[in-house]
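1. here's a sequence, model it:
(one chain, ligands or ions: 2)
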Amino acid sequence: MNLSLITPVYNEQDNLPFLFESIYNVMNSLDQSWEVILVDDGSRDNSLSVLKEYAQKDPLHIRVISFRRNFGQTAAIAAGLDYAQGETIVLLDADMQNDPADIPMMLAKLDEGYDLVSGWRKSRKDNAVTRNFPSMLANRLISRVTGVHLHDYGCTLKAYRRDVLEGFRLYGEMHRFIPVYASSVGAKITEVQVNHHPRKFGKTKYGLERTAKVVLDLFTVKFLVAFSSKPIYLFGGTGGFLMIIGAAIMIYLLVRRLYFLVSVTGSPLFQVSAMLFTLGFQSMLMGLIAELLVRTYHESQRKPTYS
Ligand code: UDP
Ligand code: MG
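-> Numbers count the residues shown, from 1 in each chain. Ligands and ions are numbered 1, 2, ... in the order given. Take a look at the predicted model:
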């Protein structure tokens with residue numbers, strides 16, 4: 001199998017016929033073996049029966065996964081990845097906001113030697129206040145924090161070489177952070193502008209709260225990528241720093257006691273120093289526990305620490 005398209009579907013019944021039409025148009029123009037995996041994420045409309053109809057007509061190309069309830073877009077994508085057989089994987093929304101016609105151009109980019117081609121909805125057709133503006137801030141923040149500079153993490157339409165997707169699991173809203181993981185295992189990443197259309201049918205499943213979740217996920221991702229194989233550096237470093245400050249304060253208090261006869265315990269600095277010292281020590285111990293966890297994590301999955 002050359003190419004797997006993966007599409008999460010949640011209450012998109014009216015969009016599906018158009019989606020299939022444009023997927024067939026594009027795929028028939030390519031000289032590749034392909035499949036499309038549609039993951040029904042517990043839709044409450046007729047999406048699943050529409051999907052099944054298409055799958056029955058063309059079982060060679062259309063595969064359907066059905067969730068018992070709504071588990072979220074990231075889970076749907078994770079399921080699609082588990083079942084995909086293609087050497088190249090393209091993720092795509094089902095709502096026709098992404099344009100399957102962009103796929104050949106992205107595949108051509110992969111052929112140039114990139115491992116990940118990220119779509120960038122340069123003129124995005126969503127609500128400016130609740131979606132586009134917060135998303136622009138989030139993209140800048142993510143680029144800054146992770147060092148992987150992309151304009152549009154949120155765009156589902158991205159093409160991946162299979163091997164950069166192996167070796168990590170997706171949680172929360174994390175599918176958008178795949179480029180960060182991929183980059184941490186050395187993937188070559190590029191960005192291309194893609195079309196974006198307003199939603200014609202159905203409505204968006206997300207609002208402003210999504211950006212908040214994304215920012216929280218960013219903490220996890222940054223931590224996992226930067227420290228997951230060496231947590232003691234973070235915890236021990238922080239702990240050591242706190243202990244040094246605590247010790248410095250204590251020395252200052254002692255010097256003051258010896259030369260100026262100011263009582264050590266009378267000063268609030270004494271409590272501050274004791275607290276910093278305790279916190280620092282605790283943090284170091286936490287680092288050791290985290291080291292144990294990391295070893296269990298890597299060994300239990302036989303996950304190498306290199307790629
Ligand atoms: N989606 C899903 N499960 C969910 C929410 C969304 O599978 O819980 C799918 C949805 O059907 C669509 C894609 O994820 O194909 C993107 O969702 P949406 O268009 O609502 O997001 P937006 O484009 O507004 O960011
Ligand atoms: Mg959409």
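2. the nearest residue to Leu16 once chain neighbours are set aside: neighbouring residues, count only.
-> Nearest residue to Leu16, sequence neighbours excluded (Cβ to Cβ, 6 or more residues apart in numbering): Val50, at 4.8 Å. C-beta: built from backbone N, CA, C; applies to glycine. Val50 has 23 neighbouring residues, counting by other Cβ atoms under 10 Å.
3. whatever helix or strand Val50 lives in near ligand 1 at all?
-> In this assignment (DSSP states H and E), Val50 forms part of helix 47-57. No: looking at helix 47-57 against ligand 1 by Cβ under 6 Å from any ligand atom, there are no contacts, and the closest approach is 8.2 Å.
4. which residues touch that helix?
-> Outside helix 47-57, the residues that touch it by Cβ atoms under 8 Å, 6 or more residues apart in numbering are 9-13, 16-17, 20, 38, 40, 62-64, 66.
5. in it, what's buried?
-> By neighbour count with 16 or more other Cβ atoms under 10 Å, helix 47-57 contains the buried residues Ser47, Leu48, Val50, Leu51, Tyr54, Ala55.
6. what count of nearby residues applies to the residue lying closest to Lys200 once chain neighbours are set aside?
-> In space, Lys200 comes closest to Met96 once its chain neighbours are excluded; the distance is 6.5 Å by Cβ to Cβ, 6+ apart. Each residue near Met96 was counted by other Cβ under 10 Å, and the total is 23.
7. same deal with Leu107?
-> 17.
8. ditto for the one 10 residues further on
-> The burial metric for Val117, expressed as a neighbour count using other Cβ under 10 Å, is 27.
9. which residues are in contact with it?
-> Met106, Lys109, Leu110, Lys158, Ala159, Tyr160, Ile189, Thr190, Glu191, Val192.
10. now the buried members of these.
-> Met106, Lys109, Leu110, Lys158, Ala159, Tyr160, Ile189, Glu191, Val192.
11. would you mind pulling up the elements that the helix or strand where the third one lies packs against?
-> This points to Leu110. Here Leu110 sits within helix 103-111, counting by DSSP H and E. With contacts defined as 3 or more Cβ pairs under 8 Å, 6 or more residues apart in numbering; DSSP states H and E, helix 103-111 has these neighbours: helix 16-29, strand 88-91, strand 116-120, strand 158-161, strand 189-193.
12. and the longest one, what's buried?
-> This points to helix 16-29. Leu16, Phe18, Leu19, Phe20, Ser22, Ile23, Tyr24, Val26, Met27.
13. ok, now which ones touch the fourth one?
-> It stands for Phe20. Tyr54, Ile62.
14. tell me the spacing between it and Pro8.
-> 15 Å (Cβ to Cβ, to the nearest Å).
15. kindly report the same for the second one.
-> If you measure Phe18 against Pro8 using Cβ to Cβ, the figure is 16 Å.
16. could you look up the SS state of Ile6?
-> Classification of Ile6 using DSSP: H, G, I helix; E, B strand; the rest coil returns strand.
17. before we move on, what about Arg169?
-> Assignment for Arg169 (three-state DSSP): coil.
18. quick one: residues contacting it.
-> Contacts of Arg169 (Cβ under 8 Å, 6+ apart): Ala78.
19. which pLDDT does the model give it?
-> At Arg169, the model reports a pLDDT of 79.
20. run through the stretch 101-250 of the chain and note the low-pLDDT ranges.
-> Within the stretch 101-250 of the chain, no range satisfies pLDDT under 70.
21. for it, what lies in contact range of ligand 1?
-> Near ligand 1, when you scan the stretch 101-250 of the chain using Cβ under 6 Å from any ligand atom, you find Asp126, Thr204, Lys205, Tyr206.
22. by neighbour count, which of the residues you listed wins?
-> Busiest of those [other Cβ under 10 Å] is Asp126, holding 17 neighbours.
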